[in-house]
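# quick one, structure for this:
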Amino acid sequence: MKTAKLRYRTHGYTSDFEEFLDQFKKTHPNIEPDQQRGWEILWDRHPGMDDLAVQRPDAVPVHGYMYE
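Below is the predicted model of the structure:
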């Protein structure tokens, strides 16, 4: 049976997956900047007026009372 390892930041059990991620990050130090770049590409977008003009015709009108 495997004994639980304690870590200073979690104050409790460390799962096998968390150990794997820690080891992976140590062996691949460039992974976090790549993750940040991917996050910015997908989520931190600031749409311009051209993007909004394309989206408006596709929008579905929302009714004030949803059971109409």
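# how many other residues sit next to residue 20?
Using other C-beta atoms under 10 Å, residue 20 is surrounded by 10 other residues. To be clear about C-beta, it is placed using only N, CA and C from the backbone, and glycine gets the same treatment.
# what about the helices in this protein?
Secondary structure of the chain by DSSP state H: the helices cover 16-27, 31-42, 49-55.
# quick one: low-confidence ranges for this protein?
By pLDDT under 70, the weakly predicted segments of the chain are 1-11, 66, 68.
# go again using 90 as the cut-off
1-14, 29, 34-68 (pLDDT under 90).
# just send the helices of the chain back as TSV, with distance to residue 64 too.
TSV is the format used below for these (distance: least, C-beta to C-beta, whole Å):
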stretch	distance to residue 64
helix 16-27	46
helix 31-42	32
helix 49-55	22
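# which one of the ones you listed lies closest to residue 67?
helix 49-55 (26.7 Å; C-beta to C-beta).
# identify the residues contacting that closest one?
Residues outside helix 49-55 that contact it (C-beta atoms under 8 Å, 6 or more residues apart in numbering): residue 47.
# if we go to 7 Å?
Among residues not part of helix 49-55, none is counted as a contact by C-beta atoms under 7 Å, 6 or more residues apart in numbering.
# dump the C-alpha coordinates for that helix into PDB.
The C-alpha trace of helix 49-55 is given here as PDB (Å, rounded to 0.1, in the frame of the first residue of the first chain):
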ATOM      1  CA  MET A  49     -16.200  46.300 -34.300                       C
ATOM      2  CA  ASP A  50     -15.800  44.000 -37.300                       C
ATOM      3  CA  ASP A  51     -16.200  40.900 -35.100                       C
ATOM      4  CA  LEU A  52     -19.300  42.300 -33.500                       C
ATOM      5  CA  ALA A  53     -20.800  43.200 -36.900                       C
ATOM      6  CA  VAL A  54     -20.400  39.600 -38.000                       C
ATOM      7  CA  GLN A  55     -22.000  38.300 -34.800                       C
END
